[in-house]
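Chemist: Got a predicted structure plus its sequence, pasted below:
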Amino acid sequence: MKALVVFCVVVSCLASAQLVRPDKMRLGVYNPDTKHYEKQTLGQDGHDQQPHRPALLGQDGHDQQPHEQALLGGDGHDQRPHEQALLGGDNHDLRPHGQTLLGGDGHDLRPHGQPLLGQDGHDQRPHGKILGQDGHDQQPHKQVLGGDNHDRRAHKKLFGQGNHDYKKHVKVFGGDDHDMGHMGMFKSFMKQHNKSYKNKAEFKKRFKIFHQNMKKVHILQQNERGTAKYGPTKFADLTEREFRKMLGFQPHMKPATSSMEPAVIPEDLEAPVSFDWRKHGVVTPVKNQGMCGSCWAFSTTGNVEGQWAIKHKQLYSLSEQELVDCDATDDGCNGGLPENAYEAIAKLGGLELEDDYPYDGEDEQCHFNRSLAKVTVNGSVELPADEVAMAKWLTQNGPISIGINANALQFYVGGVSHPLKFLCNPESLDHGMLIVGYGVHTTKYLHRKQPFWIVKNSWGDDWGEQGYYRVYRGDGTCGVDQMATSAIVP
């Protein structure tokens, strides 16, 4: 009888032990080093405790496909900035962020003081060893996924099938440069701007250039004082040298003795708060100089077109190619200066129409036909480096030809551009443009006033704001006031 009792007790104990096994108690995985059971974190999928081959980050195959595809829920998550926490395998990104998300705990409906991530209260208690055993959650989350020793051991495949985690990242996931240079963005850039490359080597070369340029974009955006946005424009796959070759404004070509007259500006003249010559029918549509460094010619014709239209009530689109081919003082696609071009027009006997002497963006033999000339020039004026005076003169006389530093232009998308001087030296002018008006922008939230110039460019209407550039007005940003000139028409 006593033996039977002992047998029953043993059986009962074994049954009890079966009920309280570690896996049944949800103690996690036994760690022989610490001699404790440790829970897995981040969605309970062991993200950092196994090779990155399986589908991770929400269990949606995020790590098994290139970043050009819609990721983390199939909604383009990695193609725009994100402010909320992710991870958890709970369809977080399959619904608008206004709904109850991340495990049905209202995570995104209240401040992130108590984020949950995976329905396990992960961030509501201290962690001894988290995310690669580096104390990730024991310090502020200013830098994550790379910048804080997060990955102390190598991973075979990571985030987009690249070497994403093999190099240090200062910041990641949105609102910074983390995703700005990846292959997905490059392919989107190619599609948007109809880019194609002759072979794989050229593709790789342009991708590398694009990646480096996106770092420049990040620097411009971080230091922007206005409302401008910078990004992958159609010039984002060009080196700095290639880009500058297509500019063409050459201040060193200024003659030692100038024939220009100083502009006369009445001191008592009051300029309106804003003004735009486009509304008065004296500005032709935006043109495109292509890869020829002929900006000086476009700046010149734009000015002459406006001057002639104001005085003679007839707007003509004039020939830049005539200046590229026939202006002996300037250097065609290798650059020039409006000041020289005004004088060349006077010597030639006028400018033909665009239709009669069409633009082809290459240096050719001059075939100017004086009998076809529609406008003439008999002098030019130089405006003072005073933006108040420039605004007054513009409202009375017409669009102004200018030189400007184009450093911010390669990646300009829109807004009022106001880069710091070290990013846009006002003494290094390299691009010719045309001021057609000005205004004042009021910021949405702080209601700050940002006066600006409206500047016509010659890179087509698929650049900037339909071909235009708004640059801050009042402090000589990018040298906008340094070489302002205009033709005088009879």
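Modeler: Sure, I can see it. Note that the coordinates shown come from a computational prediction; the quantities given were computed from them, not determined experimentally.
Chemist: Could you pull up the residues touching the nearest residue in space to G476 that is not next to it in sequence?
Modeler: Spatial nearest neighbour of G476, excluding adjacent residues (Cβ to Cβ, 6 or more residues apart in numbering): P426 at 5.1 Å. Placement of C-beta: from N, CA and C, glycine included. With contact set as Cβ atoms under 8 Å, 6 or more residues apart in numbering, P426 has these partners: N405, G476, T477, C478, G479, V480, Q482.
Chemist: P426 belongs to a strand, doesn't it?
Modeler: No: counting by DSSP: H, G, I helix; E, B strand; the rest coil, P426 falls outside a strand, being coil.
Chemist: tell me the pLDDT at it?
Modeler: pLDDT recorded at P426 is 97.
Chemist: any chance of the contacts of P426 in CSV, plus neighbour count, secondary structure and distance to N199?
Modeler: Putting the contacts of P426 into CSV (neighbours: other Cβ atoms under 10 Å; DSSP: H, G, I helix; E, B strand; the rest coil; distance: Cβ to Cβ, whole Å) gives the following:
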residue, neighbour count, secondary structure, distance to N199
N405, 24, coil, 35
G476, 16, coil, 45
T477, 26, helix, 41
C478, 28, helix, 37
G479, 22, helix, 40
V480, 29, coil, 41
Q482, 17, coil, 43
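Chemist: In TSV, list those along with distance to S319 and pLDDT.
Modeler: Shown next, in TSV, are the contacts of P426 (distance: Cβ to Cβ, whole Å; pLDDT from 0 to 100):
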residue	distance to S319	pLDDT
N405	28	98
G476	32	97
T477	31	98
C478	28	98
G479	28	98
V480	27	98
Q482	27	97
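Chemist: Sort out which one of those lies nearest Q314 for me.
Modeler: Set against Q314, the nearest of the contacts of P426 by Cβ to Cβ is V480 (29.3 Å).
Chemist: Enumerate every residue touching the closest residue to Q365 other than its chain neighbours.
Modeler: Nearest residue to Q365, sequence neighbours excluded (Cβ to Cβ, 6+ apart): D325, at 6.6 Å. Neighbouring residues of D325 by Cβ under 8 Å, 6+ apart: G332, D363, E364, Q365, C366, H367, F368.
Chemist: mind checking which helix or strand D325 is in?
Modeler: Per DSSP states H and E, D325 falls inside helix 320-326.
Chemist: Flag every buried residue along that helix.
Modeler: Neighbour-count burial for helix 320-326, counted by 16 or more other Cβ atoms under 10 Å, picks out E320, Q321, E322, L323, V324, D325, C326.
Chemist: Tell me who's in contact with the fifth one.
Modeler: Contact partners of V324, counting by Cβ under 8 Å, 6+ apart, are C292, S294, A297, G332, C333, Y359, E362, D363, E364.
Chemist: Report the buried members of those residues.
Modeler: Neighbour-count burial within the contacts of V324 applies to C292, S294, A297, G332, C333, Y359; the criterion is 16+ other Cβ under 10 Å.
Chemist: what pLDDT does the fourth one get?
Modeler: Model confidence at G332, expressed as pLDDT, equals 97.
Chemist: cool, and the first one?
Modeler: You'll see C292 listed with a pLDDT of 97.
Chemist: Quick check: can you name the pairing partners of the lengthiest strand in the chain and their directions?
Modeler: Longest strand in the chain, counting residues (DSSP state E): strand 431-442. Strand pairing for strand 431-442, determined by DSSP bridges: strand 275-276 (antiparallel), strand 400-404 (antiparallel), strand 449-456 (antiparallel).
Chemist: Just flag the most distant two among the buried ones among the contacts of V324.
Modeler: Greatest spacing in those, by Cβ to Cβ: G332 and Y359 (12.1 Å).
Chemist: Next, count neighbours for the residue nearest to P251 when sequence neighbours are not counted.
Modeler: Ranked by Cβ to Cβ, 6+ apart and with sequence neighbours excluded, the top spatial neighbour of P251 is L429, at 5.4 Å. L429 has 22 neighbouring residues, counting by other Cβ atoms under 10 Å.
Chemist: so which strand or helix has L429?
Modeler: With DSSP H and E as the test, L429 turns up in no helix or strand.
Chemist: pretty sure it contacts N407?
Modeler: No: at 10.8 Å, L429 does not count as touching N407 under the criterion of Cβ atoms under 8 Å.
Chemist: Output stretch 314-327 as PDB - backbone C-alpha positions only.
Modeler: The C-alpha coordinates for stretch 314-327 follow below in PDB (Å, rounded to 0.1, in the frame of the first residue of the first chain):
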ATOM      1  CA  GLN A 314       4.400  92.400 -79.500                       C
ATOM      2  CA  LEU A 315       5.900  89.300 -77.800                       C
ATOM      3  CA  TYR A 316       8.300  87.300 -79.900                       C
ATOM      4  CA  SER A 317      10.200  84.100 -79.100                       C
ATOM      5  CA  LEU A 318      13.700  85.000 -80.100                       C
ATOM      6  CA  SER A 319      16.600  82.800 -81.300                       C
ATOM      7  CA  GLU A 320      19.200  81.600 -78.700                       C
ATOM      8  CA  GLN A 321      20.900  79.500 -81.400                       C
ATOM      9  CA  GLU A 322      21.800  82.700 -83.300                       C
ATOM     10  CA  LEU A 323      23.700  83.900 -80.300                       C
ATOM     11  CA  VAL A 324      25.400  80.500 -79.800                       C
ATOM     12  CA  ASP A 325      26.600  80.500 -83.400                       C
ATOM     13  CA  CYS A 326      27.100  84.200 -84.200                       C
ATOM     14  CA  ASP A 327      28.300  85.900 -81.000                       C
END
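Chemist: average pLDDT across that stretch?
Modeler: 98.
Chemist: thinking again about what came up before, out of the strands paired with strand 431-442, which is closest to K200?
Modeler: Evaluated over the strands paired with strand 431-442, closeness to K200 peaks at strand 400-404, with 37.6 Å, by Cβ to Cβ.
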